[in-house]
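Engineer: fold the following and give me the result.
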Amino acid sequence: MLKPMIAVLMAACCALAGAQEAARPIPAYNTYLVPPYSIDATRGLARALAARLNAELPPEYQLDFRLIPRTRLHAAELSKDERFDGVVLLIAPRFVGDPYMTRYLWSKPLFVDCNLLVSGRLQPIEYEGAASLAGRRFAGVRGYRYELIDQMAVTHRLQREDSQDELSGLQKVGLGRADFTVVPYTIYAYAAADKELGSQLHVASRAHQCFTRRILIGKGNPPGLLKAINQAIDAMAAGESWRALLGSYHLDLDVLAQWTAHPPADGQVVEVRGNTVR
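Structural biologist: Got it, this is the predicted structure:
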């Protein structure tokens, strides 16, 4: 009698351990440490996205939201390659060296964003390719990769000075301490809502690069996670709440049409596959 009871208890313990393992929260990283992606300890677009996904995801695929600088993400997490068992929110494949989307798994599109070339209003720059940037001071973000600009910096055709985040770069340009910076529309729109800063800046009519924001999914995750996240994205797209959430952060996806309608200078790749998840 004792042996069957022990066997039942062992089986129950194993089942419980398996359930706990299956329900392990999945790290969900956000590398954008400035508004609108991260505003404070409780608010921000990235955190709100994680919460909305969790509302649609089954219990075994719940996300654990975490902030991490891009340099640390590469060094401590993405360096694990196929053993990486987290997700990265609102990132583009080209930003993590995966332009063909083979190194990691990738969700359906969330929305299209554009990197805008922003200069000072008193000395505006209209972006027409490398020639319009030669000899300029560029305010970048430490650990970020920039199409064309990185090549020009290495060959000393422009001077790159890195800051800790995109907002610092915009402020440097506004104060005349740098000639231009490149920031996503999503970050610029929120920052420029501050009329003092916005009045100091000029946005070039041609975007530096447009790209599709997605969710990076490490191959070390459970095999069903990609499908579950895509289904959650579909559920979000079915209503107007996602677009309304973006609007609450001063973001208007329709505004992006003025940049996505024009090809980028110097043949820069435009990764545009629809302006939203719908």
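Engineer: at which residues are the helices of the stretch 51-200 of the chain located?
Structural biologist: 70-72, 149-154, 166-174, 185-192, 195-198 (DSSP state H, counting those that start in this stretch).
Engineer: adding mean pLDDT and distance to Arg160, write these out as TSV.
Structural biologist: Quick note: C-beta positions are derived from backbone N, CA and C, even for glycine. Shown next, in TSV, are the helices of the stretch 51-200 of the chain (pLDDT from 0 to 100; distance: least, Cβ to Cβ, whole Å):
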stretch	mean pLDDT	distance to Arg160
helix 70-72	92	15
helix 149-154	96	4
helix 166-174	97	11
helix 185-192	95	19
helix 195-198	95	22
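Engineer: and those as JSON lines, adding distance to Glu82 and mean neighbour count?
Structural biologist: JSON lines is the format used below for the helices of the stretch 51-200 of the chain (distance: least, Cβ to Cβ, whole Å; neighbours: other Cβ atoms under 10 Å):
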{"stretch": "helix 70-72", "distance to Glu82": "20", "mean neighbour count": "16"}
{"stretch": "helix 149-154", "distance to Glu82": "27", "mean neighbour count": "16"}
{"stretch": "helix 166-174", "distance to Glu82": "31", "mean neighbour count": "23"}
{"stretch": "helix 185-192", "distance to Glu82": "30", "mean neighbour count": "22"}
{"stretch": "helix 195-198", "distance to Glu82": "42", "mean neighbour count": "12"}
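Engineer: out of these, nearest to Pro59?
Structural biologist: helix 70-72 (29.1 Å; Cβ to Cβ).
Engineer: next, format the helices of the stretch 51-200 of the chain as a markdown table and append distance to Leu90.
Structural biologist: Converted to a markdown table, the helices of the stretch 51-200 of the chain look like this (distance: least, Cβ to Cβ, whole Å):
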| stretch | distance to Leu90 |
| --- | --- |
| helix 70-72 | 12 |
| helix 149-154 | 22 |
| helix 166-174 | 13 |
| helix 185-192 | 8 |
| helix 195-198 | 23 |
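Engineer: for Gly44, find the nearest of those.
Structural biologist: helix 185-192 (10.2 Å).
Engineer: hmm, who's touching that closest one?
Structural biologist: 32, 34-37, 45, 113-116, 118, 166-167, 170, 183, 197-198, 201, 203, 249-252, 255-256, 259 (Cβ atoms under 8 Å, 6 or more residues apart in numbering).
Engineer: which of the helices of the stretch 51-200 of the chain sits closest to Glu60?
Structural biologist: helix 70-72 (27.4 Å).
Engineer: my guess is Ile26 meets Leu225, correct?
Structural biologist: Yes: counting by Cβ atoms under 8 Å, Ile26 does reach Leu225; the two are 7.0 Å apart.
Engineer: mutual contacts of those two, please.
Structural biologist: Joint contacts of Ile26 and Leu225 (Cβ under 8 Å, 6+ apart) are Tyr61, Val87.
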